[in-house]
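Asker: using only what follows, build the 3D model:
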Amino acid sequence: MNNLIGLIVLILLFTGNLQAQKVISANGGTATAAGTEVSWTIGEPITATVSDGTTTLTQGFHQTKLTVTAVNKIQVAGVEIKVYPNPTSDYVTVHFSKVVEKPTYLLFDLSGRLIQQKNIESTDAKIDMTGYAGGSYVLKLNSGQQPLQTFKIIKR
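Answerer: Residues are numbered from 1 along each chain as shown. You can find the predicted model right below:
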């Protein structure tokens, strides 16, 4: 009888610890359109990527090595903006393909704190990152009050 109780307890212990895979994520969501539902979680590893030229679908589990540099599309037609090198260890150069009216940049840490803000005087500007700790930063470029583009900068 003791063996039977011991076996039942052992089975309950093992089956109580069996769980489906879980992802604990800081962000994600679900969207439904035309009878199709798509759910996503930020921070999953990639298992497959499919693209039709305009839309890209990446599926998987934990995308820890995902690097996003431009986080929105440019708002002024005909202007190409390059931010390089990214990742950087000292300076980041911002290059505008043509003159932009009253360009400025705002540099934020990932907690949303503004750490640097300056007017840009020409089509090229150097942003000094030497005094900042390694990590990710958000660089917002504006033309006057109009947003141009936002970049994620990685400081090594």
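
Asker: any idea how far the residue lying closest to Tyr132 once chain neighbours are set aside lies from Val50?
Answerer: Nearest residue to Tyr132, sequence neighbours excluded (C-beta to C-beta, 6 or more residues apart in numbering): Lys155, at 5.5 Å. In short, each C-beta sits where N, CA and C put it, glycine included. Distance from Lys155 to Val50, counting by C-beta to C-beta, to the nearest Å: 32 Å.

Asker: break down this structure into its helices, ranges please.
Answerer: 2-16 (DSSP state H).

Asker: what's the weakest-modelled helix or strand in it?
Answerer: None of the helices or strands of the chain scores lower by mean pLDDT, DSSP states H and E than strand 56-62, at a mean of 61.

Asker: ramachandran coordinates for Val99?
Answerer: Note on Val99: backbone dihedrals following degrees, to the nearest 10 are phi -60, psi 130.

Asker: since we're on it, how many residues are nearby?
Answerer: Look at Val99: counted by other C-beta atoms under 10 Å, it has 9 neighbours.

Asker: contact partners for it?
Answerer: Contacts for Val99 (C-beta atoms under 8 Å, 6 or more residues apart in numbering) come out as Thr123.

Asker: any idea how far it lies from Gly135?
Answerer: From Val99 to Gly135 the distance is 32 Å (C-beta to C-beta).

Asker: this structure - how does it break down into domains?
Answerer: Per automatic domain parsing, the structural domains of the chain span 36-66, 81-155.

Asker: now those domains as JSON lines including distance to Val9?
Answerer: Converted to JSON lines, these look like this (distance: least, C-beta to C-beta, whole Å):
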{"stretch": "domain 36-66", "distance to Val9": "34"}
{"stretch": "domain 81-155", "distance to Val9": "48"}
